[in-house]
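**Q** Test case, fold it:
(2 chains)
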Amino acid sequence: MSLLRPDLAVIAANVAPGSRVLDVGCGDGTLMLALRDKGCDARGMELDSANVGLCVGKGLSVIQGDADRDLAFYPDQSVDYAILSQTLQTTMRPDRVLEELLRIGRRAFVSFPNFAHWRVRLSLLWGGRMPVTRLLPVAWYETPNIHHLTVDDFRELVRSRGITVEGAWFLSGDQTCSPAAANFRAEHAVFLLTR
Amino acid sequence: MSTSTDTSQFLDLAQPLALDGGQSLPGVRIAYETQGTLNAARDNAILICHALTGDHHVVSDHPKTGKPGWWVRMVGPGKPIDTDRFFVICANVIGSCMGSTGPASLAGDGRPWGMRFPVITIRDMVRGHVALLDALGIESLHAVVGGSMGGMQALSLASNFADRTRAALVIASTARHSAQNIAFHEVGRQAIMADPEWREGAYYEARESGGKGPEKGLSVARMAAHITYLSEAGLTEKFGRRLQDREEKTFGFDADFQIESYLRYQGLAFTDRFDANSYLYITRAMDYFDLAEEHGGLLAHAFAASKARFCLVSFDTDWLYPTADSRNVVHALNAAGLPVSFVELSAPYGHDSFLLDVPALDRVVEGFLGEGH
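**A** Down below sits the predicted model:
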């Protein structure tokens, strides 16, 4: 079994066994497989048709679709968890996608790369160019990340929308860091949200 | 595996088949073919449903044309629909002319049905399939699989006979015929019925005494339909504006262009293997297909009783049953809470892609069917 990406490992460890899950932007289905092993009923949505083909080949139920457009067709409160890992920053309207996740799921896991990580800040400060780092490896003109955000940006968004944060994990490599230091030190953030 | 002899098997129904139109069809015969072995638990059966002008010769040579079965690339030992694992059934639909009862079959009075044959629906075709499953002692299919009209049957079976299948694989299909779909079919039907040799559908006797039957009309119908199976880009690549066996335009109405010659050939070849009245009846059945309408107007209701897994596949160049048609079904299945996969594959061949060499389709079919067994 392949090692899960750190943010996926956090999510997989914190989804209750036997839950119904919708993984939005499920990629090649790695997280879904881990969740299925926990007895979860996992469904997926994925933009890339090659990835959808891979998932179907693994026996996973995955729909080719776009988080900005196709979440509308899922019934209210139809899953225990809606998961959006490393995808929020690629959507046209992250705020609307977030609302959709919490309409479809009783809870939502959202993970994203933190654009306020110190490496990114340094790169921008000293280089004066859009950062290209280990976690943001693609140049500005071809990156799928069209809405970069920081940990504090996200905290502000959920606060303004009246969304409750049930849990938050801040990752730097294999390490976790404190909520207070997260906006500066975390490469990734994972939030567990509910309404 | 190809065989030189006709491997068709036949089932004669003891009871008349009750039809959506209110009539019942007596003396129904169903032609079918099977591959592989039904296991002891009788739970490894896959029903393949064929398209408009298809038949049950999935892997065996066509008895009239001698050409290989229409899905040999997909079905067989070690292939995506693996006959080493699955007992694969394909039945000719009622209304057809390839062995199952249709308008060319003899009615009780010993004369061909012709236009006395009742109008049938996709659900009626499926009733025939279910009768076959009953006869074969198969309570629940591992999967029902179909492309185009076969996909409509797969959806209809999964909806109307929900306990009879545990999965449905629907390729390049739709849950209802659009105005454009109906329009193209109507052009074909009018071409057939405008042919004086059609004789209100009673051309069978005339043909036995040297008459031709409505070959011209049927040929034109096929030509029009054939265009809808291909993509514009595919046509351009294959034919462009190239001329047929000549250097210059003739300033006449001969088949100057390769595409004209190709379509004329396709139309003519079709008349050798297909009955014009069957074409009328089967296109009518497709036009009447609207799965939501059958279930109070909401497609999600069509699947309320289903517990099956679904997989839908569309092709980006298919403008006959475009991706939006598949998405429509996917959204309904989602609303019904059923496990559903969907992928739009990229292939250059238009609607016909489901029959052609698209390796990505093979992977999806194999993956989906391999699961849950």
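**Q** Nearest spatial neighbour of the residue minimising distance to the centre of chain A, chain-adjacent residues omitted?
**A** For chain A, the residue nearest the mean C-alpha position is A:S85 (1.9 Å; C-alpha atoms, centre = their mean). Once flanking residues are discounted, A:S85 sits nearest to A:S111: 4.6 Å by C-beta to C-beta, 6 or more residues apart in numbering or on different chains. (Glycine included, C-beta is placed from N, CA and C.)
**Q** List the contacts of the host helix or strand of that neighbour.
**A** Per DSSP states H and E, A:S111 falls inside strand A:105-113. With contact meaning C-beta atoms under 8 Å, 6 or more residues apart in numbering or on different chains, strand A:105-113 is reached by A:7-8, A:10-11, A:14-15, A:22, A:77-86, A:88-89, A:98, A:101-102, A:135-136, A:145, A:149, A:154, A:166, A:187-194.
**Q** again, but for stretch B:220-234
**A** Surrounding stretch B:220-234, the residues in contact under the criterion C-beta under 8 Å, 6+ apart are B:52, B:184-185, B:187-189, B:191-192, B:235, B:263-264, B:266-267, B:270-271, B:274, B:276, B:279, B:317-320, B:348-352.
**Q** Helix or strand next in line after the strand holding A:S111, which one?
**A** Of the helices and strands lying after strand A:105-113 in sequence (DSSP H and E), the nearest is helix A:118-122.
**Q** same for that following helix, what does it pack against?
**A** helix A:182-185 (3 or more C-beta pairs under 8 Å, 6 or more residues apart in numbering or on different chains; DSSP states H and E).
**Q** if we can go back for a sec, isn't the residue nearest to the centre of chain A up against A:L31?
**A** Yes. Counting by C-beta atoms under 8 Å, A:L31 is a contact partner of A:S85 at 6.7 Å.
**Q** Backbone torsions only: list them for the residue nearest to the centre of chain A.
**A** Dihedral pair for A:S85: phi -110, psi 120, per degrees, to the nearest 10.
**Q** number of nearby residues for B:T250?
**A** Neighbourhood size, B:T250 [other C-beta atoms under 10 Å in any protein chain shown]: 10.
**Q** Please disregard the earlier target; I meant B:D272.
**A** 9.
**Q** who's in contact with it?
**A** B:64-65.
**Q** For it, identify the helix or strand it belongs to.
**A** B:D272 belongs to helix B:258-273, assigned by DSSP H and E.
**Q** got a pLDDT number for the residue lying farthest from the centre of chain A?
**A** Farthest-out residue of chain A from its mean C-alpha position, per C-alpha atoms, centre = their mean: A:W126, at 29.2 Å. At A:W126, the model reports a pLDDT of 93.
**Q** And for the one 3 residues further on?
**A** A:R129 is assigned a predicted lDDT (pLDDT) of 90.
**Q** mind checking how far the closest residue to it other than its chain neighbours is from B:G188?
**A** In space, and not counting its chain neighbours, A:R129 is closest to A:S123: 7.2 Å by C-beta to C-beta, 6+ apart. According to C-beta to C-beta, to the nearest Å, A:S123 stands 64 Å off from B:G188.
**Q** which residues sit against the next helix or strand after the helix holding B:D272?
**A** For helix B:258-273, the succeeding helix or strand toward the C-terminus, using DSSP H and E, is helix B:276-288. Helix B:276-288 has contacts (C-beta under 8 Å, 6+ apart) with B:20, B:52-53, B:93, B:95-97, B:102-104, B:114-115, B:117, B:119-122, B:124-125, B:149, B:152, B:177, B:181-182, B:185-186, B:188-189, B:192-193, B:195, B:198, B:201, B:203, B:213-215, B:217-218, B:221.
**Q** Let me see the ranges of the helices in chain A.
**A** A:6-14, A:30-37, A:49-57, A:67-70, A:94-104, A:118-122, A:151-160, A:182-185 (DSSP state H).
**Q** Redo those helices as JSON lines? Include mean neighbour count.
**A** Below are the helices of chain A laid out as JSON lines (neighbours: other C-beta atoms under 10 Å in any protein chain shown):
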{"stretch": "helix A:6-14", "mean neighbour count": "20"}
{"stretch": "helix A:30-37", "mean neighbour count": "21"}
{"stretch": "helix A:49-57", "mean neighbour count": "22"}
{"stretch": "helix A:67-70", "mean neighbour count": "18"}
{"stretch": "helix A:94-104", "mean neighbour count": "20"}
{"stretch": "helix A:118-122", "mean neighbour count": "15"}
{"stretch": "helix A:151-160", "mean neighbour count": "16"}
{"stretch": "helix A:182-185", "mean neighbour count": "20"}
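**Q** that older thread, please list only the buried members of the contacts of stretch B:220-234.
**A** The neighbour count (16 or more other C-beta atoms under 10 Å in any protein chain shown) marks B:52, B:184-185, B:188-189, B:191-192, B:263, B:266-267, B:270-271, B:274, B:276, B:279, B:317-320, B:348-352 as buried among the contacts of stretch B:220-234.
**Q** residue contacts, B:D195?
**A** Contacts of B:D195 by C-beta under 8 Å, 6+ apart are B:214-218, B:276.
**Q** how does it look with 6 Å?
**A** By C-beta atoms under 6 Å, 6 or more residues apart in numbering or on different chains, the contact set of B:D195 is B:214, B:216-217.
**Q** got it, and B:D82?
**A** Applying C-beta under 6 Å, 6+ apart, no residues contact B:D82.
**Q** next structured bit after the lowest-mean-pLDDT helix or strand in chain B?
**A** The least trusted helix or strand in chain B, going by mean pLDDT, DSSP states H and E, turns out to be helix B:204-208, with a mean of 85. Heading C-terminal from helix B:204-208, the first helix or strand you meet, by DSSP H and E, is helix B:215-229.
**Q** For the next helix-or-strand element following that next one, buried residues please.
**A** Per DSSP H and E, helix B:215-229 leads on to helix B:232-238 as the next helix or strand towards the C-terminus. For helix B:232-238, the neighbour count (16+ other C-beta under 10 Å) marks B:G234 as buried.
**Q** Show the contacting residues for the most centrally placed residue in chain B.
**A** Compute the mean C-alpha point of chain B, and by C-alpha atoms, centre = their mean the closest residue is B:A51, 1.2 Å away. By C-beta under 6 Å, 6+ apart, the contact list for B:A51 reads B:148-150.
**Q** what do you get if the cut-off is 8 Å, keeping everything else the same?
**A** Each residue near B:A51 by C-beta under 8 Å, 6+ apart is listed here: B:146-150.
**Q** Check B:G211 too.
**A** B:G211 sits next to B:197, B:203 when contact means C-beta under 8 Å, 6+ apart.
**Q** again, only using 10 Å
**A** B:197, B:199, B:203-205 (C-beta atoms under 10 Å, 6 or more residues apart in numbering or on different chains).
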